[in-house]
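**Q** Structure for the following, please:
(one chain, ligands or ions: 1)
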Amino acid sequence: MIEVNALAAGYDGIPVVSHLDLTLAAGEVVALLGRNGMGKTTMMRTLAGHLPSIDGDVLLDGSPLRSGRADLAARAGMSFLPDDRGVFPRLTVAENLALARRRGYQPPVDVVALFPVIRERMNVNAQDLSGGQKQQVGLARAILAGEKAILVDEFSQGLQPSLVRDVLAAFHEIARAGVVIVLVDQSPQPLVEFATRVLAMDKGAIVLDSPAAVVREDPQALLDFLVV
Ligand SMILES: Nc1ncnc2c1ncn2[C@@H]1O[C@H](COP(=O)(O)OP(=O)(O)OP(=O)(O)O)[C@@H](O)[C@H]1O
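**A** Purely as a prediction, here's the structure:
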């Protein structure tokens with residue numbers, strides 16, 4: 001579970017996101033949506049310690065995470081996949097995966113079976129992969145490292161549509177095993193179709209927080225926050 005209390009996040013002491021209170025439970029697959037520049041990336045980077053918070057607290061399974069300490073958040077079992085995919089370019093796919101693996105943790109899905117690049121290009125350096133293949137390696141790393149939470153920015157970027165669906169189905173399985181999943185994407189589909197909960201951000205605030213089933217029944221409420 002991730003708990004966020006009165007969080008303020010931003011740059012150079014100037015908040016982009018403020019007064020944020022949120023609880024994300026294990027088992028949830030959360031779609032975090034909103035127009036460009038509304039604060040989604042800032043929020044996720046702050047949760048994962050990649051950006052120091054300005055104020056407030058983030059707790060993972062009840063334990064406070066130290067602001068700006070991505071290393072400690074990762075050690076506690078939170079994985080964050082940034083939009084540049086953060087793979088090590090000079091290491092092979094196999095080495096990239098080995099570094100992400102957590103001792104004593106076996107994810108509930110088999111990443112080798114899920115991602116074609118891992119089956120086919122295991123000994124290739126990450127720098128020689130296409131953007132979509134790097135994305136697959138990044139997602140596999142996030143799954144191997146995210147024992148408690150997996151946060152993914154620009155989720156579907158570079159992924160073929162069939163794989164988007166396979167990975168979303170895998171995230172459901174991982175969530176059911178007790179992990180919090182948070183996915184950001186530019187396009188609401190197919191996240192809304194697969195998520196259990198939808199959050200929309202507008203100007204640094206959560207303006208919609210709804211079970212995904214409700215959004216699927218009445219998409220207009222969400223679209224109001226997504227249309228430019
Ligand atoms: N490194 C930075 N320094 C200063 N301001 C930044 C920085 N990164 C983002 N911002 C600003 O913070 C605000 C929120 O940006 P953020 O990237 O969190 O939005 P977003 O909702 O994730 O949008 P996008 O999908 O375009 O990334 C924007 O006004 C943006 O210009």
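**Q** contacting residues for the residue lying closest to Val111 once chain neighbours are set aside?
**A** Spatially, and ignoring its direct neighbours in sequence, Val111 is nearest to Ala140 (4.1 Å; CB to CB, 6 or more residues apart in numbering). (C-beta placed from N, C-alpha, C; glycine too.) Taking CB atoms under 8 Å, 6 or more residues apart in numbering, we find Ala140 in contact with Leu97, Ala100, Val111, Leu114, Phe115, Ile118.
**Q** Can you tell me the element Ala140 falls in?
**A** Using DSSP states H and E, Ala140 sits within helix 131-145.
**Q** Return the set of buried residues in that helix.
**A** 133-145 (16 or more other CB atoms under 10 Å).
**Q** so Phe80 makes contact with His50?
**A** Yes: contact criterion CB atoms under 8 Å: Phe80 and His50 qualify, at 6.4 Å.
**Q** mind giving me CSV with the contacts of Ala140 and columns for distance to the ligand, secondary structure and neighbour count?
**A** As requested, the contacts of Ala140 are arranged in CSV below (distance: CB to the nearest ligand atom, whole Å; DSSP: H, G, I helix; E, B strand; the rest coil; neighbours: other CB atoms under 10 Å):
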residue, distance to the ligand, secondary structure, neighbour count
Leu97, 27, helix, 22
Ala100, 24, helix, 21
Val111, 26, helix, 21
Leu114, 25, helix, 19
Phe115, 24, coil, 25
Ile118, 27, helix, 20
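**Q** Looking at these, which gets the smallest pLDDT?
**A** Among those, Ile118 carries the weakest pLDDT, at 91.
**Q** Just give the closest residue to that one, not the sequence neighbours.
**A** Val112 (5.1 Å).
**Q** is it fair to say the one you found lies in a helix?
**A** Yes: under DSSP: H, G, I helix; E, B strand; the rest coil, Val112 sits within a helix.
**Q** I'd guessed it sits against Arg121; true?
**A** No: using CB under 8 Å, Val112 makes no contact with Arg121, being 11.8 Å away.
**Q** The least confident helix or strand in the chain by mean pLDDT near the ligand anywhere?
**A** Least confident helix or strand, the chain: helix 220-226 with a mean of 84, by mean pLDDT, DSSP states H and E. No: contact of helix 220-226 with the ligand is not found when judged by CB under 6 Å from any ligand atom; the minimum separation is 11.2 Å.
**Q** same check, this time on stretch 68-75
**A** No: judged by CB under 6 Å from any ligand atom, stretch 68-75 makes no contact with the ligand; its nearest approach is 13.8 Å.
**Q** Tell me who's in contact with the most far-flung residue of the chain relative to its centre.
**A** The outermost residue of the chain relative to its centre, with distances by CA atoms, centre = their mean, is Asn123 at 26.4 Å. Asn123 makes contact with Thr92, Val93, Ala94, according to CB under 8 Å, 6+ apart.
**Q** mind checking how far it is from the ligand?
**A** Using CB to the nearest ligand atom, to the nearest Å, Asn123 is found at 34 Å from the ligand.
**Q** pLDDT score assigned to that residue?
**A** 96.
**Q** That one belongs to a helix?
**A** No: read with three-state DSSP, Asn123 is coil and lies in no helix.
**Q** The closest residue to Gly158 other than its chain neighbours: what's it in contact with?
**A** In space, and not counting its chain neighbours, Gly158 is closest to Gly132: 3.8 Å by CB to CB, 6+ apart. By CB under 8 Å, 6+ apart, the contact list for Gly132 reads Gly158, Leu159, Gln160.
**Q** So which of these wins on neighbours?
**A** Leu159 (20 neighbours; other CB atoms under 10 Å).
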